[in-house]
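> Take this sequence and fold it.
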Amino acid sequence: MKVKIELDLSPAEAREIFGLPDFSQLHSSITEDLAEKCAQDPQKAFETFIKPSMENNLSGFSAYQKMMEAFMKGQSKSD
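Okay, here's the model as predicted:
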């Protein structure tokens, strides 16, 4: 027997049901702060907020590439 339940909830309602915290005010505050800093000095905002996350993502991607390369080399040795 299959039972299918479909709920039509807003994100706020889903958070409330599952007891998750509401970070919308924090998100708005951070977004406003970032927009203000970008308006004042775009280059500094880029270096402060965006550049570090880009570097972290690239290093993570590089580590993933190395892992896959090692996996593929291991596969070719056993073939």
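
> How far off centre is the top helix by length along the chain?
Using DSSP state H to define each element, the chain has its longest helix at helix 51-78. With CA atoms, centre = their mean, to the nearest Å as the basis, helix 51-78 stands 19 Å off its chain's centre.

> Tell me the buried residues in that helix?
By neighbour count with 16 or more other CB atoms under 10 Å, helix 51-78 contains no buried residues. All C-beta atoms are positioned from the backbone trio N, CA, C, and that covers glycine.

> for it, packing partners?
If contacts are counted by 3 or more CB pairs under 8 Å, 6 or more residues apart in numbering; DSSP states H and E, helix 51-78 sits against no helix or strand.

> what is the rounded mean pLDDT of that helix?
Averaging pLDDT along helix 51-78 gives 73.

> Start and end of stretch 45-55, how far apart?
With CA to CA, to the nearest Å as the measure, the ends of stretch 45-55 fall 15 Å from one another.

> So what touches that stretch?
With CB atoms under 8 Å, 6 or more residues apart in numbering as the test, stretch 45-55 has contacts from 34, 37-38.

> repeat that with 10 Å
30, 33-39, 41 (CB atoms under 10 Å, 6 or more residues apart in numbering).

> Thank you kindly, that will do.
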